[in-house]
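Colleague: predicted model follows, preceded by the sequence.
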Amino acid sequence: MNYFFITGSSKGLGKALTELLLENENNTVYGMARSSSISHKRYFHTVIDLSKLDNVVSYPFPTLENVEKIVLINNAGMVGDVNRIGQLDNQKIIDCYNLNLITPAVLINNFISLYTNYSCNKLVLNISSGAGRAPIDGWNVYCSTKAGIDMFSQVLKEEAQIDGTGIKILSLAPGIIDTDMQVQIREANKNEFSNIENFIEYKKNGDLSNPKTTAKQVLRFIEEEELLTNVICSVRDLTE
């Protein structure tokens, strides 16, 4: 049996990926989100606010049996305030850092602590962003948290190689997806985000990817061994 742990599994990419994985009868999925929108005999949901660290620290990763593969997918994230530093809500800064960076770090720590000695394939897949690899005005917190998860992933790979744990790690930029986050970005004004017109045009021109399409691309990174070479990666790396 393959076991998948997915944060933000109730909507957007997380939901699309969960539904896609459940099509395979050899997969069991554990979802984490504030609500659940999936009902399936091989889906187990934990209602949790992942921006609240006390909840995250105590998340009960289960003991597993008959394991072929275990995958942790840190998908949940928020863009936070789209605005200039000096005009941000401090609590939103904290929530964004918690959800985008600290929560994945805590979950990865507990995941590795429990499952390192399991004799199976193990993968940590962090959903990152191109925004963590280039500065974007108005996205101060989002860019920095995604840059942080990229570096965390690279260090984790170094440690896995030194320790010989066999754990694979990817930090994957999924492209621009048509989700609630994009709606929030388009509601900003130009004084807060100078590049807003381009994002409005992405929607008008149909350039935003459907979550189901992106989920199929993400699944390839999980299933195709040759795509597990580089820690920092993007769906744009796919050639077909």
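Modeller: That came through, no problem.

Colleague: show me where this structure has its helices.
Modeller: 12-21, 53-57, 90-97, 103-115, 140-163, 180-186, 196-204, 211-223 (DSSP state H).

Colleague: can I get those helices in a markdown table including mean neighbour count, mean pLDDT and distance to residue 30?
Modeller: Where C-beta positions appear, they are placed from N, C-alpha and C, glycine not excepted. Converted to a markdown table, the helices of the chain look like this (neighbours: other CB atoms under 10 Å; pLDDT from 0 to 100; distance: least, CB to CB, whole Å):
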| stretch | mean neighbour count | mean pLDDT | distance to residue 30 |
| --- | --- | --- | --- |
| helix 12-21 | 23 | 97 | 10 |
| helix 53-57 | 14 | 96 | 14 |
| helix 90-97 | 15 | 96 | 23 |
| helix 103-115 | 19 | 98 | 11 |
| helix 140-163 | 18 | 97 | 20 |
| helix 180-186 | 15 | 83 | 23 |
| helix 196-204 | 13 | 81 | 33 |
| helix 211-223 | 18 | 95 | 15 |
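
Colleague: distance to residue 70 added to these, as TSV?
Modeller: As requested, the helices of the chain are arranged in TSV below (distance: least, CB to CB, whole Å):
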stretch	distance to residue 70
helix 12-21	13
helix 53-57	18
helix 90-97	27
helix 103-115	5
helix 140-163	14
helix 180-186	28
helix 196-204	36
helix 211-223	11
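
Colleague: ok, which of the ones you listed comes nearest residue 82?
Modeller: Of all those, helix 180-186 sits nearest to residue 82, with 6.0 Å by CB to CB.

Colleague: before we move on, back to that, between the helices of the chain, which gets nearest to residue 1?
Modeller: When the helices of the chain are ranked by proximity to residue 1 (CB to CB), helix 12-21 comes first, at 12.0 Å.

Colleague: hmm, who's touching that closest one?
Modeller: By CB atoms under 8 Å, 6 or more residues apart in numbering, the surrounding residues in contact with helix 12-21 are 4, 6-9, 27, 29, 31, 33, 37-38, 43, 73, 75-76, 127, 174, 177, 179-181, 211-212, 214-216, 218-219.
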